[in-house]
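Colleague: got a predicted model here, sequence first, then my questions.
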Amino acid sequence: MTFKITEQDKSGTVARCGLIQTDHGSIRTPIFMPVGTIGSVKGIYHRDLSSDIKAQIILGNTYHLYLRPGLDILRQAGGLHKFASWDKPILTDSGGYQVFSLAHNRKLTPEGCTFRSHIDGSKHIFTPENNIETQRIIGADIIMALDECCPGDAERKYAEQSLKLTQAWLERCVRHFDETEPLYGYNQTFFPIVQGCVYPDLRIAAAEHAASLNREGYAIGGLSVGEPTEQMYEMIEVVHPVLPLDKPRYLMGVGTPANILEGIARGIDMFDCVMPTRNGRNGMLFTWEGMINIKNKKWADDFSPIDPNGTSFVDSTYTKAYLRHLFIAGEMLAAQIASEHNLAFYLELVNTAREHIIAGDYNSWKCAAVKLLETKL
């Protein structure tokens with residue numbers, strides 16, 4: 001994998017545009033990556049991901065794919081790209097966040113993470129070594145380190161112990177990745193994850209350790225997990241001068257449209273979040289004018305487009321009144337339309353951010369856009 005910075009913001013932020021090149025295609029940054037946990041982005045056809053939403057890369061989740069369909073099926077299929085009929089890049093999360101979110105089912109040791117399946121209760125273990133092997137079999141273009149996602153409100157002592165474990169696992173991940181080869185005839189790359197909770201010195205130490213491993217990209221994890229938003233921005237800022245400037249930075253699991261624009265201003269290149277599809281399925285729409293709860297009665301006779309300023313197929317085809325009708329009637333198409341709209345909006349958001357970085361007015365545009373995006377209509 002290669003990365004080239006193509007533009008730097010000239011309006012007072014450290015935002016930049018770049019180009020990531022993988023064997024499954026190129027990715028223009030800043031980029032939002034739709035989450036396809038089990039090999040599908042919920043409710044969205046691949047043709048729409050490519051043509052309307054214009055996704056350049058999607059995510060898969062190691063924990064979920066390991067349990068279903070399982071490694072035997074994925075290996076027989078020739079990896080997730082062939083299994084899911086997706087020919088663009090894929091990034092896999094190692095499952096560290098699922099370890100955090102399924103805390104009642106797991107036990108962490110220096111060896112790895114023992115957990116019980118949320119499906120049938122069966123017992124499993126992820127070690128740094130077999131986690132890398134699992135992601136090799138899935139066939140991701142970008143593989144993530146196995147880590148512990150420390151809670152945002154963790155006490156200092158716990159955060160120190162958690163980071164020590166994550167760093168030990170990271171060194172084993174790097175060693176095993178470098179000692180093994182891809183399975184399907186194309187290159188794979190590995191990103192360390194910077195943890196450290198909300199403690200600046202721990203974040204700096206984690207970033208220094210990750211940077212010393214000289215990888216092709218770096219992720220910042222353990223944010224947007226309960227800490228105040230301003231602390232999340234602070235943690236991004238403290239690691240910015242430590243991580244290599246010529247490598248892409250991936251902020252994991254973040255976030256709202258405003259979070260993304262603020263992250264870009266702080267040098268982040270890659271984002272993912274389930275919010276567009278999860279909120280969409282529940283009737284929450286993101287638009288250029290603000291957030292809409294489409295189930296509210298006020299939209300019942302609003303025959304304007306879902307987002308008059310949007311450019312997606314669903315924006316130009318369906319009205320607010322029609323989409324509300326589908327939600328109230330319990331029609332499954334409602335969730336599909338809302339999810340496609342939100343994902344298209346997120347991709348349009350980062351594309352527009354890229355345009356303003358190139359134009360040299362990103363900071364003023366971002367400040368005005370954030371105010372609108374956080375408005376509840």
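Modeller: Done, it's in.
Colleague: for the spatially closest residue to W169 that is not a sequence neighbour, give me phi and psi.
Modeller: Closest residue to W169 apart from its sequence neighbours, by Cβ to Cβ, 6 or more residues apart in numbering: P128 at 4.6 Å. No exception for glycine: its C-beta is placed from N, CA and C like everyone else's. Here is the backbone geometry of P128 (degrees, to the nearest 10): phi -50, psi -40.
Colleague: and T29, by the same measure?
Modeller: Phi and psi for T29, reported as degrees, to the nearest 10, are phi -110, psi 150.
Colleague: same question, G267
Modeller: In terms of degrees, to the nearest 10, the main-chain angles of G267 are phi 90, psi 10.
Colleague: how many residues are close by it?
Modeller: By other Cβ atoms under 10 Å, 21 other residues sit near G267.
Colleague: before we move on, what about the one 5 residues further on?
Modeller: Other residues near D272 number 23, with proximity taken as other Cβ under 10 Å.
Colleague: mind listing what it touches?
Modeller: F32, M33, P34, V35, L59, L91, Y250, M252, G253 (Cβ atoms under 8 Å, 6 or more residues apart in numbering).
Colleague: just the strands in the stretch 201-350 of the chain please.
Modeller: Under the criterion DSSP state E, counting those that start in this stretch, the stretch 201-350 of the chain contains strands at 218-220, 249-251, 270-272, 284-287, 290-293.
Colleague: those strands: which one's closest to A300?
Modeller: A300 sits nearest to strand 290-293 of all the strands of the stretch 201-350 of the chain, at 12.6 Å, using Cβ to Cβ.
Colleague: what mean pLDDT does that closest one have?
Modeller: Averaging pLDDT along strand 290-293 yields 98.
Colleague: and it, what's buried?
Modeller: By neighbour count on 16 or more other Cβ atoms under 10 Å, the buried set for strand 290-293 is M291, I292, N293.
Colleague: name the nearest of those relative to N282.
Modeller: Nearest to N282 among those is N293, at 8.8 Å by Cβ to Cβ.
Colleague: now the helices for the stretch 151-300 of the chain?
Modeller: Under the criterion DSSP state H, counting those that start in this stretch, helices of the stretch 151-300 of the chain are mapped to 156-179, 200-211, 229-239, 257-265, 275-281.
Colleague: just give me how far the longest one sits from the chain centre.
Modeller: This points to helix 156-179. Computed by Cα atoms, centre = their mean, to the nearest Å, the chain-centroid distance of helix 156-179 equals 21 Å.
Colleague: now do the second one
Modeller: Averaging C-alpha positions (Cα atoms, centre = their mean) puts helix 200-211 21 Å from its chain's average.
Colleague: from the contact counts, what lies against it?
Modeller: For helix 200-211, the elements it packs on are helix 156-179, strand 193-194, strand 218-220, helix 229-239, judged by 3 or more Cβ pairs under 8 Å, 6 or more residues apart in numbering; DSSP states H and E.
Colleague: name the residues of that helix that are buried.
Modeller: Judged by neighbour count (16+ other Cβ under 10 Å), helix 200-211 contains these buried residues: L202, R203, I204, A205, A206, A207, H209, A210, A211.
Colleague: likewise the last one?
Modeller: Using 16+ other Cβ under 10 Å as the test for burial, helix 275-281 gives M275, P276, T277, N279, G280, R281.
Colleague: let me see the mean pLDDT of it.
Modeller: Helix 275-281 carries an average pLDDT of 97.
Colleague: for burial, what's the neighbour tally of E179?
Modeller: A count of neighbours around E179, defined by other Cβ under 10 Å, yields 9.
Colleague: same question, T62
Modeller: T62 sits with 24 neighbouring residues when counted by other Cβ under 10 Å.
Colleague: hang on, the earlier thing: okay, the strands of the stretch 201-350 of the chain in a markdown table with distance to S117 next?
Modeller: Output for these, formatted as a markdown table (distance: least, Cβ to Cβ, whole Å):
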| stretch | distance to S117 |
| --- | --- |
| strand 218-220 | 25 |
| strand 249-251 | 27 |
| strand 270-272 | 24 |
| strand 284-287 | 30 |
| strand 290-293 | 35 |
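Colleague: same question for stretch 174-182, mean pLDDT?
Modeller: What stretch 174-182 shows for mean pLDDT is 98.
Colleague: okay, it in CSV with CA atoms only?
Modeller: Taking C-alpha atoms only, stretch 174-182 is exported to CSV below (Å, rounded to 0.1, in the frame of the first residue of the first chain):
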residue,chain,number,x,y,z
VAL,A,174,3.8,-7.0,13.7
ARG,A,175,6.1,-9.9,14.1
HIS,A,176,3.6,-12.4,12.9
PHE,A,177,2.4,-10.2,10.0
ASP,A,178,6.0,-9.8,8.8
GLU,A,179,6.6,-13.6,9.1
THR,A,180,3.5,-14.6,7.0
GLU,A,181,2.3,-14.0,3.4
PRO,A,182,-1.0,-13.1,1.8
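Colleague: ok, and what's touching that stretch?
Modeller: 128-129, 132-133, 136, 139, 143, 145, 188, 190, 192, 213, 215.
Colleague: if you set the cut-off to 6 Å instead, what comes out?
Modeller: Residues outside stretch 174-182 that contact it (Cβ atoms under 6 Å, 6 or more residues apart in numbering) are E129, I132, Q188, F190, L213.
Colleague: do stretch 24-42 as well
Modeller: The contact list for stretch 24-42 (Cβ under 6 Å, 6+ apart) reads 18-20, 55-61, 64, 80, 84, 88-89, 141, 264, 269-272, 274, 277, 343, 346-347, 350, 353.
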